[in-house]
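1. Only the shape, not the letters, is given here:
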Ligand SMILES: [Zn+2]
């Protein structure tokens, strides 16, 4: 959706609230008191009321917008900009576009949207043929062992390489002209790994792929026990200069994701790397959605049960 069409559709706060209410009703409201699903809308106070126990639910409560002071219009614009821009947008730029004084509120809103994106993609498993490899993303280590924020050192002292497991579901397609088979990518997943042990990799694979998946990797030793969690595992010895041809889609995804992070952020705090990758893969997996993407993201934000 172009910016001009977006503002035609959602010209003010009220139009955003109305659309948000409509979508919430479609998704279904669950009473936090009695778990009842029948509600009526009380127009004067703009709240839902449970038909069973009369408990009221505000428009925002139970959604990603709960406890946010930003307007519906701010949230809508943020979702629009995060889905309509090809390369994403930084929080600083978002703050400028929204004309908000407080950077933190905007930054926090964007992180919440990313978490909702990640939660939506977690519902799906990859299957069929899947390529897999690890990528290393430059991040800043910002927490000490006690969980407190560390004062960043100057220069490269506090930088580290965070390992990420990248999975790409592919399918074979026949070229109608020369009948040659080529591979086409379908969906991606990227998971930050606390370490590179086979146990960690197998746990992530179990959560991300269907047990029927056939997986292709390089011959890295931590992939040795993948057979325990997937149907078939092919480990190929891949010389480093051929990684792009043996596992093409994961490598394209890794280099695009790196470029994307580099362009948008000065540095990526390792605590939030998963959120940035979730945004990247959310858009990548829906690259053919076009104008529908905004509506889908809104539903992801409504249905994400917020317990932050
Ligand atoms: Zn109730």
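-> Here it is on my side, so go on. The structure displayed is predicted, hence computed values, not measured ones. Residues are numbered from 1 along each chain as shown.

2. could you pull out the strands for the stretch 1-150 of the chain?
-> 39-42, 47-50, 56-58, 129-140 (DSSP state E, counting those that start in this stretch).

3. separation between the residue lying closest to residue 246 once chain neighbours are set aside and residue 250?
-> Once flanking residues are discounted, residue 246 sits nearest to residue 238: 4.6 Å by CB to CB, 6 or more residues apart in numbering. (Glycine included, C-beta is placed from N, CA and C.) As for residue 238, its distance to residue 250 is 11 Å (criterion: CB to CB, to the nearest Å).

4. for residue 11, same thing?
-> For residue 11 relative to residue 250 (CB to CB), the value is 43 Å.

5. now swap in residue 194 and tell me
-> 20 Å.

6. per-domain residue ranges of the protein.
-> The chain breaks down into these domains under automatic domain parsing: 3-122+292-303, 129-271.

7. Output the ones you listed as TSV; include the columns distance to residue 281.
-> Output for these, formatted as TSV (distance: least, CB to CB, whole Å):
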stretch	distance to residue 281
domain 3-122+292-303	6
domain 129-271	5
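
8. any idea which element the closest residue to the ion within the stretch 151-300 of the chain lies in?
-> The minimum distance from the stretch 151-300 of the chain to the ion, using CB to the ion, falls at residue 299 (23.1 Å). Residue 299 is part of helix 292-303, with elements assigned from DSSP states H and E.

9. OK, contacts around residue 213?
-> Counting by CB atoms under 8 Å, 6 or more residues apart in numbering, residue 213 touches 126, 127, 128, 129, 130, 169, 230, 231.

10. and it, what are its phi and psi?
-> phi -70, psi 150 (degrees, to the nearest 10).

11. Tell me how far it lies from residue 219.
-> For residue 213 relative to residue 219 (CB to CB), the value is 19 Å.

12. Can you give me the neighbour number for the closest residue to residue 83 other than its chain neighbours?
-> Closest residue in space to residue 83, ignoring its immediate chain neighbours: residue 293 at 4.3 Å, by CB to CB, 6+ apart. Other residues near residue 293 come to 20 when the count uses other CB atoms under 10 Å.

13. just residue 84 next, same as before
-> Neighbours around residue 84, by other CB under 10 Å: 17.

14. ok, residue 203 - contacts?
-> Contacts of residue 203 by CB under 8 Å, 6+ apart: none found.

15. Buried residues in the helix holding residue 299, which are they?
-> 293, 294, 296, 297, 298, 300, 301, 302, 303 (16 or more other CB atoms under 10 Å).

16. before we move on, what about stretch 207-217?
-> 208, 209, 213, 215, 216, 217.
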